[in-house]
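>>> after the sequence you'll find the predicted model.
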Amino acid sequence: MLKVLVLGSAAGGGSPQWNCNSEVSKIVRNGEPGTSIRTQSSIAVTADDENWFLFNASPDLGSQIINNKQMHPKKDLRHSPISGVVLTNGDVDHVAGLLSLRERQNLSVYAHERVHSVLRDNSIFNVLNPDYVDRRNMEMNKKFELKDKDNNSSGILVEAFEVPGKIALWLEDESKGDNFGTQEGDTIGLKISSLEDSKSFFYIPACAAMTEELKTRLTRASLVLFDGTLWENDEMANRKVGEKTGERMGHMNNSGKYGSMEEFMLIPAVERKIYIHINTTNPILLPDSSERRQVEGMGWEVSYDGMEIEL
Ligand code: MLT
Ligand code: MN
């Protein structure tokens, strides 16, 4: 059986965000009933209830480990149930947590060669000592089993595939035109399945657009954890906290034409749909908002830190 633990359900910056005083950040900071603090997006998955793989390593990883007993050391004086990390892009909210995993612990780190190359080019990631941390390339569209540093079986199969997206924010190069230098492999989605019983789910925390190929992949999925960043394209500007649109950031909106709610209506038989990587400006984070009612009315759940799912 696969177990999924949501370590962080918010987009970059978390909710509330440190320098944000807009509606949701303020309400969450005030601790109003039904709201909760959300850290930056990451999930942990196990097939044996003992060894866990992280899917993305958020800058909040330290507190995520403290807040979730499944992530605590269990055996020796030096131990962690975290066997490895799988990365879906090179954004700060998905890679900065690697820097917190530096204390001589065996790990395997899986990513597209493109993401490995940006980590290699940034020498701060050399704190991941190669004697302990094995960086492994993920080939696209090819199912493989996650293994720990010593190549022990995890019982977790992964298939990575490219999705429409964007180069990491910190690597954007305006001189390279409209796509800011985006290359193949900058944003990927994952199908994660159990070796034992083949049950599977999708983890797609960033996706700029729905494609026919992705619709086909997601047909009859039992569970999809999907990019829930923004309710609408100009949400940041509407709330006067930024200018960037969802489109500019490489994220589909929840609402509207070409939004994820509409697009998923066209995908047959998806059993369970959960938004993750939700920006602190998104009103679906407020339990009594009309936007929350709308997403729930369309069969979506809104993930929260500490959410547990069994497949
Ligand atoms: C994003 O998802 O758009 C990025 O995480 C933005 C960021 O790095 O702040
Ligand atoms: Mn992000």
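Yep, it's here. Ligands and ions are numbered 1, 2, ... in the order given.
>>> rest of the way, CA atoms for contacts and neighbours
Noted.
>>> ligand 1 contacts on the stretch 201-311 of the chain?
residue 249 (Cα under 6 Å from any ligand atom).
>>> residue contacts, the closest residue to residue 145 other than its chain neighbours?
Nearest residue to residue 145, sequence neighbours excluded (Cα to Cα, 6 or more residues apart in numbering): residue 157, at 4.3 Å. By Cα atoms under 8 Å, 6 or more residues apart in numbering, the contact list for residue 157 reads 143, 144, 145, 146, 192, 193, 194, 195.
>>> how about 6 Å then?
144, 145, 192, 193, 194 (Cα atoms under 6 Å, 6 or more residues apart in numbering).
>>> how about the helix or strand encompassing it: buried residues?
Assigned by DSSP states H and E, residue 157 belongs to strand 153-162. For strand 153-162, the neighbour count (16 or more other Cα atoms under 10 Å) marks 154, 155, 156, 157, 158, 159, 160, 161, 162 as buried.
>>> next SSE after that strand?
Next helix or strand after strand 153-162 toward the C-terminus (DSSP H and E): strand 188-194.
>>> packing partners of that following strand?
Using 3 or more Cα pairs under 6 Å, 6 or more residues apart in numbering; DSSP states H and E as the contact test, the elements touching strand 188-194 are strand 153-162, strand 200-204.
>>> so can I have CSV of those showing distance to residue 272 and mean pLDDT?
As requested, the helices and strands packed on strand 188-194 are exported to CSV (distance: least, Cα to Cα, whole Å; pLDDT from 0 to 100):
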stretch, distance to residue 272, mean pLDDT
strand 153-162, 19, 98
strand 200-204, 9, 98
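>>> just so I know, which of those lies nearest residue 10?
strand 200-204 (13.4 Å; Cα to Cα).
>>> can I get whichever helix or strand comes after that closest one in PDB? Just the C-alpha atoms.
Helices and strands here follow DSSP H and E; after strand 200-204, the next one along the chain is helix 212-218. Taking Å, rounded to 0.1, in the frame of the first residue of the first chain, the C-alpha atoms of helix 212-218 are listed here in PDB:
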ATOM      1  CA  GLU A 212      -4.200  16.300 -25.100                       C
ATOM      2  CA  GLU A 213      -1.300  14.100 -24.000                       C
ATOM      3  CA  LEU A 214      -1.800  14.900 -20.400                       C
ATOM      4  CA  LYS A 215      -5.500  14.400 -20.600                       C
ATOM      5  CA  THR A 216      -4.900  10.900 -22.000                       C
ATOM      6  CA  ARG A 217      -2.400  10.100 -19.200                       C
ATOM      7  CA  LEU A 218      -4.800  11.300 -16.500                       C
END
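>>> list the buried residues in helix 212-218.
Buried residues in helix 212-218 (16+ other Cα under 10 Å): 214, 218.
>>> which neighbouring elements make contact with it?
Applying 3+ Cα pairs under 6 Å, 6+ apart, we find helix 212-218 packed against no helix or strand.
>>> now the element after it, going C-ward?
Following helix 212-218 toward the C-terminus (DSSP H and E): strand 224-227.
>>> so in that sheet, which strands flank that following strand, and in what orientation?
According to DSSP bridges, strand 224-227 forms sheet pairs with strand 200-204 (parallel), strand 273-276 (parallel).
>>> show me what counts as buried in it.
224, 225, 226, 227.
>>> now stretch 2-21
For stretch 2-21, by 16+ other Cα under 10 Å, it's 2-17.
>>> looking at these, which are in strands?
Residues of the buried residues of stretch 2-21 located in strands (DSSP state E): 3, 4, 5, 6, 7, 8.
>>> quick one, phi/psi of the closest residue to the first one other than its chain neighbours?
Of all residues not flanking residue 3 in the chain, residue 310 sits nearest, at 4.6 Å (Cα to Cα, 6+ apart). Phi and psi for residue 310, reported as degrees, to the nearest 10, are phi -120, psi 140.
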